[in-house]
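Visitor: Give me the fold of what follows.
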Amino acid sequence: MKDFRSVADAVAGEIAAGRLGPGERLPPQREFARRHAIADSTAVRVYRELARRGLTVGHVGRGTFVREAPDAPAPAPALSEPADSRVDLELNHPVVPEQAALLAAGLERLVRSDRLDPVLRPVGPAGTPAAREAAAGLLTRGRWRPDPARILFAGNGRQAVSAAVAALTRPGARLGVEELTYPVVKAIAARLGVTLVPLAMDADGLIPEAVEEAHRTEPLHAVYVQPVLHNPLSLTMPARRLDQLADVLLTSGIHAIEDAVWAFLRDDLPPLASRAAERTVLVDSLSKRLSPGLSLGFAVAPAPLVGRVAGALRSGAWAPMRFPLEAMAQWQADGAVDVLVRAKQRQAGERQEIAHRHLGGFRTRGAPASYYRWWELPHPWRADTFVAAAARHGIAVTPAAAFSAGRRRGPHAIRLGLASPTEKVLSRALATLGDLARSAPDDLAGD
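Guide: Coordinates of the predicted model:
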């Protein structure tokens with residue numbers, strides 16, 4: 001009996017090869033079922049899967065058609081495979097063994113009856129003086145320490161990014177982004193009516209000349225960039241490249257939104273904000289450093305922009321709860337943050353070694369301090385067919401299309417998140433994916 005995903009893979013291959021062209025109508029589902037010797041219910045699932053991948057579009061009363069731009073990313077790129085996937089290599093949630101005990105000790109002090117009442121009171125984006133001072137220590141990198149007066153808080157990192165974009169742009173504005181970028185930024189831009197402008201990258205990250213060229217063509221209102229441990233490529237801009245980018249920002253008057261969510265893994269490196277403080281809004285969060293369920297975002301804004309970013313946080317209802325502010329300050333004071341950061345830096349290196357052991361013969365990249373691995377798939381694998389094949393093995397991975405900022409689906413590559421599974425499960429999953437990549441897609445057609 002044919003699995004619906006393998007049938008969908010075959011149709012996807014027909015579309016990729018051009019044998020099914022843009023705008024071409026697929027047969028009615030019952031006819032499709034007869035042609036492929038499958039049940040009608042299986043045909044329904046095939047058509048749903050093709051639509052989920054962004055390859056087809058259905059019109060009530062007219063039928064199902066190949067998308068007019070099959071190379072364009074789906075309007076809302078999926079960040080997760082089917083819910084029954086047993087190993088999640090998409091969402092990246094670092095957890096270390098000592099985490100629970102360290103965090104529990106700090107929480108015990110907060111939930112005492114003499115402290116709980118003030119901890120549960122409302123607070124705005126500016127937080128409290130004590131929270132801003134603690135956040136300044138937590139966000140310190142290299143020799144750079146942010147001014148506590150310029151620190152604002154959000155409910156989580158995504159809300160901090162949203163507020164920064166809202167503060168620096170307007171509907172119809174142009175936001176420059178790396179050609180492969182954080183998928184959530186695409187959704188934020190779409191919601192705010194902002195046009196994304198993909199900017200070229202090389203082995204050192206975003207190319208400053210690409211920012212200048214795009215700005216000359218039509219002014220950019222801001223640039224979103226990940227200078228340290230770029231998601232998904234794990235690239236880190238060298239100091240010279242950061243200096244060049246800062247010069248572009250300062251001479252052109254463009255603001256940058258610097259996403260530093262993963263930069264705690266390289267806390268020896270000063271941020272872009274240390275070089276162009278008056279042009280950069282740095283955003284960060286607590287959950288990767290500490291624990292997935294600890295939601296708190298940070299935004300360090302230039303003094304003239306503090307009011308605008310705070311206003312965006314209020315209008316979006318993105319202000320934080322006071323409890324995580326107090327918890328963050330407690331964990332920073334008692335040293336728990338530093339202990340967990342060092343543990344996760346070690347763990348990231350250990351997991352990269354596991355990935356290299358299983359995938360060393362393939363074209364992959366991943367910085368020793370990163371929890372990501374970027375994998376350029378071997379021919380003849382396509383990203384969408386490999387993602388589907390991996391899902392049949394119970395493993396969820398992310399296709400390059402989820403990160404592509406342009407209309408192209410991106411290279412035939414996937415991103416592996418190494419943080420969430422245990423090391424044993426991760427090793428087994430990567431071994432399975434390596435074996436899968438050594439086979440040919442056609443070998444799976446009859447599964």
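Visitor: which intervals of the stretch 1-150 of the chain have sub-threshold pLDDT?
Guide: Applying pLDDT under 70 to the stretch 1-150 of the chain flags the ranges 1-2, 17, 59-61, 68-85, 113.
Visitor: In this structure, which residue is most central in space?
Guide: A centroid search over the chain (CA atoms, centre = their mean) returns Tyr182, at 4.0 Å, as the residue closest to the centre.
Visitor: Count residues in the vicinity of the nearest residue to Asn156 once chain neighbours are set aside, would you?
Guide: Spatial nearest neighbour of Asn156, excluding adjacent residues (CB to CB, 6 or more residues apart in numbering): Ser295 at 4.3 Å. For the C-beta atoms, the positions are set from N, CA and C on the backbone; glycine is no exception. As a burial measure, Ser295 scores 18 neighbours (other CB atoms under 10 Å).
Visitor: coming back round to it: now the residue nearest to the centre of the chain: closest residue in space that isn't a chain neighbour?
Guide: Asn231 is the one closest to Tyr182 (CB to CB, 6+ apart), at 5.5 Å.
Visitor: How about Leu229?
Guide: Trp262 (4.3 Å).
Visitor: That neighbour: what's it in contact with?
Guide: If you count contacts by CB atoms under 8 Å, 6 or more residues apart in numbering, Trp262 has them with Gln226, Val228, Leu229, Asn231, Lys288, Ser370, Tyr371.
Visitor: run the last query once more with 10 Å
Guide: Counting by CB atoms under 10 Å, 6 or more residues apart in numbering, Trp262 makes contact with 92, 94, 226, 228-231, 234, 236, 284-285, 288-289, 348, 367, 369-372.
Visitor: same deal with Ala400?
Guide: 73, 180, 232, 374-377, 383-384, 387, 408-415 are the contacts of Ala400 under CB under 10 Å, 6+ apart.
Visitor: 6 Å - rerun?
Guide: Taking CB atoms under 6 Å, 6 or more residues apart in numbering as the criterion, Ala400 is in contact with Ala383, Gly410, Pro411, Ala413.
Visitor: Next: Pro208.
Guide: Gln244, Leu245, Val248.
Visitor: most surrounded residue in the residues you listed?
Guide: Going by other CB under 10 Å, Leu245 tops the contacts of Pro208 with 25 neighbours.
Visitor: For it, which residues are in contact?
Guide: So Leu245 contacts Pro208 (CB under 6 Å, 6+ apart).
Visitor: Equivalent analysis for Gln345, please.
Guide: Contacts of Gln345 (CB under 6 Å, 6+ apart): Leu265.
Visitor: ok, 10 Å please
Guide: Contacts of Gln345 (CB under 10 Å, 6+ apart): Pro94, Phe264, Leu265, Arg266, Asp267, Pro368, Ala369.
Visitor: I'd like the distance from the helix or strand containing it to the chain centre, please.
Guide: Gln345 belongs to helix 336-359 when assigned by DSSP states H and E. Put simply, helix 336-359 sits 19 Å off its chain's centre (CA atoms, centre = their mean, to the nearest Å).
Visitor: Also stretch 107-117?
Guide: 35 Å.
Visitor: Identify each buried residue in that stretch, please.
Guide: In terms of neighbour count (16 or more other CB atoms under 10 Å), stretch 107-117 has its buried residues at Leu110.
Visitor: try stretch 414-432
Guide: 414-421, 426-427, 429-430, 432.
Visitor: JSON lines for those, including secondary structure, distance to Gly127 and pLDDT?
Guide: Formatted as JSON lines, the buried residues of stretch 414-432 follow (DSSP: H, G, I helix; E, B strand; the rest coil; distance: CB to CB, whole Å; pLDDT from 0 to 100):
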{"residue": "Ile414", "secondary structure": "strand", "distance to Gly127": "39", "pLDDT": "96"}
{"residue": "Arg415", "secondary structure": "strand", "distance to Gly127": "33", "pLDDT": "97"}
{"residue": "Leu416", "secondary structure": "strand", "distance to Gly127": "36", "pLDDT": "98"}
{"residue": "Gly417", "secondary structure": "strand", "distance to Gly127": "30", "pLDDT": "97"}
{"residue": "Leu418", "secondary structure": "coil", "distance to Gly127": "33", "pLDDT": "97"}
{"residue": "Ala419", "secondary structure": "coil", "distance to Gly127": "28", "pLDDT": "96"}
{"residue": "Ser420", "secondary structure": "coil", "distance to Gly127": "30", "pLDDT": "92"}
{"residue": "Pro421", "secondary structure": "coil", "distance to Gly127": "35", "pLDDT": "94"}
{"residue": "Leu426", "secondary structure": "helix", "distance to Gly127": "37", "pLDDT": "97"}
{"residue": "Ser427", "secondary structure": "helix", "distance to Gly127": "42", "pLDDT": "97"}
{"residue": "Ala429", "secondary structure": "helix", "distance to Gly127": "40", "pLDDT": "97"}
{"residue": "Leu430", "secondary structure": "helix", "distance to Gly127": "41", "pLDDT": "97"}
{"residue": "Thr432", "secondary structure": "helix", "distance to Gly127": "45", "pLDDT": "96"}
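Visitor: can you redo those as JSON lines with distance to Ala317?
Guide: Putting the buried residues of stretch 414-432 into JSON lines (distance: CB to CB, whole Å) gives the following:
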{"residue": "Ile414", "distance to Ala317": "35"}
{"residue": "Arg415", "distance to Ala317": "31"}
{"residue": "Leu416", "distance to Ala317": "34"}
{"residue": "Gly417", "distance to Ala317": "29"}
{"residue": "Leu418", "distance to Ala317": "34"}
{"residue": "Ala419", "distance to Ala317": "29"}
{"residue": "Ser420", "distance to Ala317": "29"}
{"residue": "Pro421", "distance to Ala317": "34"}
{"residue": "Leu426", "distance to Ala317": "37"}
{"residue": "Ser427", "distance to Ala317": "42"}
{"residue": "Ala429", "distance to Ala317": "38"}
{"residue": "Leu430", "distance to Ala317": "41"}
{"residue": "Thr432", "distance to Ala317": "43"}
